[in-house]
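Asks: Provided below for reference: sequence and predicted model.
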Amino acid sequence: MYTFPPFFRAIGHPVRQKIICILHPDKELPVNKLVEELKLSQSTVSHHLSILKKAHILRAREEGAQTHYSICCETIASCCTSLQKFFHCKHV
């Protein structure tokens, strides 16, 4: 049985999908801006950012007391390739 990478579990939540949409394609935002945009508590946003970071969907960059997040395009590309391979194998 094929096991999908953690990527697919991480993007399954609507809040995390919205974070990805906010940051895509080339944005880098600090946590406080994401909190403002999402209209959620900082702890809730931080929880979802942590899951996305652990799945290597987001990268974090420290700047002073702020953490800035951006999309890790390499992970997205890799997971798209994995998905294509999965479906290719199923149709052969």
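Replies: Great, that's in hand. Numbering: from 1, shown residues only.
Asks: please enumerate the strands of the protein.
Replies: Ranges of strands in the chain, per DSSP state E, are 28-30, 58-63, 66-71.
Asks: quick check: angle from the last one to strand 58-63?
Replies: Using axes from the mean of the first three to the mean of the last three CA atoms, to 10 degrees, the direction of strand 66-71 lies 150 degrees away from that of strand 58-63.
Asks: ok so, going back, make a markdown table out of the strands of the chain and add mean neighbour count and mean pLDDT.
Replies: Bear in mind the C-beta positions are built from the backbone N, C-alpha and C, glycine included. Shown next, in a markdown table, are the strands of the chain (neighbours: other CB atoms under 10 Å; pLDDT from 0 to 100):
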| stretch | mean neighbour count | mean pLDDT |
| --- | --- | --- |
| strand 28-30 | 16 | 95 |
| strand 58-63 | 14 | 94 |
| strand 66-71 | 17 | 95 |
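Asks: between these, which gets nearest to Arg16?
Replies: Minimum separation from Arg16 across the strands of the chain (CB to CB) falls at strand 58-63, 9.4 Å.
Asks: let me have the strands of the chain in a markdown table, extended by distance to Ser82.
Replies: Below are those laid out as a markdown table (distance: least, CB to CB, whole Å):
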| stretch | distance to Ser82 |
| --- | --- |
| strand 28-30 | 26 |
| strand 58-63 | 18 |
| strand 66-71 | 17 |
